[in-house]
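Asker: Pasted the sequence and its predicted model underneath.
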Amino acid sequence: MSDEIKKGLLGIVVDETTISQVMPDINALTYRGYAVQDLCETCKFEEVAYLVLKGDLPNSIQLNKFKKEERENRNITINLREIIKHMPKRSHPMDVVRTVVSVMGLEDKETSDNSPEANMRKAMRIFAKTPTAIAAFFRARKGKKVIPPKKELSFSENFFYMCFGKVPRKEIVKAFDVSLILYAEHSFNVSTFTARTITSSLSDIHGAITGAVASLKGPLHGGANEEVMHMLKKIKKPENAKKWILDALKKKKLIMGFGHRVYSKGDSRVPTMKKYYLKVAEILKEKKLPKMSQIIETIMIEKKNIHPNLDYPSGPTYHLMKFDTDFFTPIFVMARITGWSAHIMEQHASNKLIRPLSKYSGEKHRKVMLLNQR
Ligand code: CMC
């Protein structure tokens, strides 16, 4: 057995997956063999959710059944709605989401059933209910009346409706749908690996997703989309961007929304998200934000050869859509629940307890002294 330490599991292949493939050499990403940018242009998010969860693109009968199941499961219990209303208003929405998924586990009759059928039913319930819970907190913390879900609306339309009481024009909904498709799945990232690790002890899906949400919150992972927006707000206007970024680089600051563990030549999802970010900005006649984004991106590539990741264009897109900044990562959750659930089911289907080794570097052979001698 080798003693070599691979900190952060850098470059280590820990298992196989049939869910997605990240191909850094050619800047490509596929879900179940389909190129993600093709899915964005051809499919609605519900079709891709079906693909990620079930392994293939649905035909229209399968899709209608899937949509019906999702729409019928959107309501959260009165109990959960009351819990959300009573959560401290200053709570980070990701902490609320983490708690909400955990409470859903308490309420679910099949929590301890880890059969593939029960896991798929539970995945659908978590997928359908989480946006309702997120939107409830979005409104409740502002003292606004919670808006229940509407069955006639698509997944994305319904989320806008529950947050704002109305659905924006179709181009905006499409851009949101695209962001969800791009966020749905990304192989063995931190939160997915967390979910698989929790699952490997034969724990349940609610626990695994609760852990995954906690992991996604961090600024090195999903939390980066919020940090990107905080940065752009600090910079304020395009005229300040060049100086700000050069100063930040001089101070060796980490620039959020840039870099990736797997992609070195750029994140395969960025061109598609950037296209929709610019489209949304154009529709809303917003010029400052995309200008700032471009200045920073150009300097990061020129000076550091570090490319933007998906969080870089998605953050300002959600801002233009009027979502509060601390709700960006919860939106990421709504999409990634599909990927996490697929991985949890894949882990159950071919499980091996995940238990790596460590090299001990602490004190050796110490004598235990009596309390009064220490
Ligand atoms: N800004 C400035 N320098 C950077 C950045 C950045 N965003 N990313 C990497 N570097 C530098 C880093 O300082 C290091 O330099 P040196 O070799 O001189 O010490 C070098 O590039 C290699 O970086 P690393 O930290 O060893 O790479 P990693 O694979 O461990 O980290 C990362 C990957 C994503 C954590 C990192 O790039 C980062 O912290 N980025 C900012 C946070 C972010 O945008 N996260 C979102 C990740 S992708 C989507 C998602 O998961 O949501």
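Answerer: That came in fine, so what should we check first?

Asker: Let's verify the closest residue to V14 other than its chain neighbours: helix, strand, or coil?
Answerer: Computed as Cβ to Cβ, 6 or more residues apart in numbering, the closest residue to V14 that is not its neighbour in sequence is F188, at 6.7 Å. C-betas here are computed from N, CA, C, even on glycine. Per DSSP: H, G, I helix; E, B strand; the rest coil, the secondary structure class of F188 is coil.

Asker: Quick check, F188 in contact with T17.
Answerer: Yes. With contact defined as Cβ atoms under 8 Å, F188 counts as touching T17 (7.2 Å).

Asker: who's more crowded, these two?
Answerer: Comparing F188 with T17 by neighbour count (other Cβ atoms under 10 Å), the higher total belongs to F188, at 20 against 17.

Asker: what about the closest residue to the ligand within the stretch 201-350 of the chain, distance to L310?
Answerer: Residue nearest to the ligand within the stretch 201-350 of the chain: G259 (2.2 Å; Cβ to the nearest ligand atom). From G259 across to L310, the span is 12 Å (Cβ to Cβ, to the nearest Å).

Asker: for the residue nearest to V14, phi and psi?
Answerer: As for F188, its main-chain torsions (degrees, to the nearest 10) stand at phi -90, psi 60.

Asker: Mind listing residues that contact the strand or helix carrying S314?
Answerer: Per DSSP states H and E, S314 falls inside helix 311-320. For helix 311-320, the surrounding residues in contact (Cβ atoms under 8 Å, 6 or more residues apart in numbering) are 175, 179, 182-183, 222, 224-229, 232, 256-258, 270, 273-274, 276-277, 280-281, 284, 286, 289-290, 293, 297, 325, 327-328, 331-332.

Asker: just the buried members of those?
Answerer: Neighbour counting with 16 or more other Cβ atoms under 10 Å marks 175, 179, 182-183, 222, 224-229, 232, 256-258, 270, 273-274, 276-277, 280-281, 286, 289-290, 293, 297, 325, 327-328, 331-332 as buried within the contacts of helix 311-320.

Asker: Next, the contact list for the residue nearest to K304 when sequence neighbours are not counted, please.
Answerer: Once flanking residues are discounted, K304 sits nearest to L249: 6.8 Å by Cβ to Cβ, 6+ apart. Contacts for L249 (Cβ under 8 Å, 6+ apart) come out as I255, I299, K303, K304.

Asker: Quick one, grab the pLDDT at K304.
Answerer: For K304, the pLDDT comes out at 96.

Asker: what does S264 give?
Answerer: For S264, the predicted pLDDT is 82.

Asker: And for the one 10 residues further on?
Answerer: At K274 the predicted local confidence, pLDDT, stands at 98.

Asker: How about the one 5 residues further on?
Answerer: pLDDT, the model's per-residue confidence, is 98 for K279.

Asker: hang on, it packs against I172?
Answerer: No. The pair K279 / I172 is not scored as a contact, 9.0 Å apart, by Cβ under 8 Å.

Asker: sorry, back to before: on the three-state scheme, the residue nearest to K304 is what?
Answerer: helix.

Asker: ok, back up a step: show me which of G259 and L310 is the more surrounded one.
Answerer: Taking G259 and L310 together and counting by other Cβ under 10 Å, L310 has the greater number of neighbours (25 against 18).

Asker: What residues does the more buried one make contact with?
Answerer: Per Cβ under 8 Å, 6+ apart, neighbours of L310: L182, Y183, N225, D267, R269, V270, M273.

Asker: Contacting the ligand as well, which ones from the residues you listed?
Answerer: With the criterion set as Cβ under 6 Å from any ligand atom, no member of the contacts of L310 is near the ligand.

Asker: For the ligand, what's the nearest residue on the stretch 51-200 of the chain?
Answerer: Closest point on the stretch 51-200 of the chain to the ligand, by Cβ to the nearest ligand atom, is N189, at 5.6 Å.
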